[in-house]
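**Q** here is my input, please return the structure:
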Amino acid sequence: MNRHTCLMLFLLLSITAAVLLGCDSPGRGRPPKADAVSVLIPTKGNTAAGVVTFSRAKGGVRVVAEVTGLSTGAHAIHIHEFGDCRSSDGSSAGEHFNPDNQPHGAPDAQERHVGDLGNLQADKNGAASLDIIDPLLALEGEHSIIGRSVVVHAQEDDFTTQPHGAAGGRLACGTIGLARQ
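**A** Numbers count the residues shown, from 1 in each chain. Below is the predicted model of the structure:
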């Protein structure tokens, strides 16, 4: 990594930490205290970046994502099997997280990868958000997402094409780690 990239990464992580740790009081528009967090870093040649938080909720895990630097339109978002985002194209994150060996599908499908979260819809400014409760994700056990990664893709997930939903290249990748409590 060159010096400029390291500095930009340091600044992004510092700003993200300040936002996540400095706004504890409820009622300020902040999601519930996160149990896990992923800071999305752009892959080579891309500008997508953001933060995804995960918190325990009735019925599963609440996923709250805020992503910027996207082209207008839909972009797939998935949990991938490895927390390794070191490769310049995000390929080191591996495939979709699929511990039950299911086909790819929509987030509400009976059969789907655990990591299939659906699509983000980016506005004209390239910003997108997601706030869902996913019944298959877990923060411990066989479906634990801790140590895995979040990947935002270049294309919309069509929910049918196997094994990836025709989601295209990887715009951003972030390892999922425990959040500071």
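**Q** measure residue 138 to residue 146 for me?
**A** 9 Å (CB to CB, to the nearest Å). All C-beta atoms are positioned from the backbone trio N, CA, C, and that covers glycine.
**Q** and residue 123, by the same measure?
**A** For residue 123, the distance to residue 146 - CB to CB - is 31 Å.
**Q** between those two, which has more neighbouring residues?
**A** Neighbour totals were compared for residue 123 and residue 146, and residue 146 leads with 15 against 11 (other CB atoms under 10 Å).
**Q** now do the SS call for the more buried one.
**A** Recorded secondary structure, residue 146: coil (DSSP: H, G, I helix; E, B strand; the rest coil).
**Q** then residue 67?
**A** Using three-state DSSP, the three-state assignment for residue 67 comes out as strand.
**Q** correct me, but it touches residue 39?
**A** No - the criterion here is CB atoms under 8 Å, and residue 67 misses it with residue 39 at 11.1 Å.
**Q** shared neighbours of these two, anything?
**A** Common contact partners of residue 67 and residue 39 (CB atoms under 8 Å, 6 or more residues apart in numbering): residue 50.
**Q** now do the helices in the chain.
**A** With DSSP state H as the criterion, the chain has helices at 3-22.
**Q** what about the protein, any weak spots by pLDDT?
**A** Where the chain drops to pLDDT under 70, the residues are 1-32.
**Q** what's the closest non-adjacent residue to residue 176?
**A** Closest residue to residue 176 apart from its sequence neighbours, by CB to CB, 6 or more residues apart in numbering: residue 38 at 4.6 Å.
**Q** that neighbour and residue 158, how far apart?
**A** With CB to CB as the criterion, residue 38 and residue 158 are 24 Å apart.
**Q** please apply the same query to residue 88.
**A** Where residue 158 is concerned, residue 88 sits at a distance of 26 Å (CB to CB).
**Q** look up which residues are beta-bridged to the residue most central in space within the chain.
**A** Centroid-nearest residue in the chain, with CA atoms, centre = their mean: residue 150, separated by 3.3 Å. Judged by DSSP bridges, the bridge partners of residue 150 are residue 79, residue 174.
**Q** let me know whether it touches residue 176 as I believe.
**A** Yes - contact status for residue 150 versus residue 176: in contact at 6.3 Å, counting by CB under 8 Å.
**Q** okay, and the common contacts of these two?
**A** Residues touching both residue 150 and residue 176 (CB under 8 Å, 6+ apart): 38, 52, 79.
**Q** hang on, the first one packs against residue 178?
**A** No - at 11.0 Å, residue 38 and residue 178 do not qualify as touching, with contact defined as CB under 8 Å.
**Q** for these two, indicate the residue with more neighbours.
**A** Shown here are residue 38 and residue 178; by other CB under 10 Å, residue 38 has more neighbours (28 against 13).
**Q** all set now, cheers.
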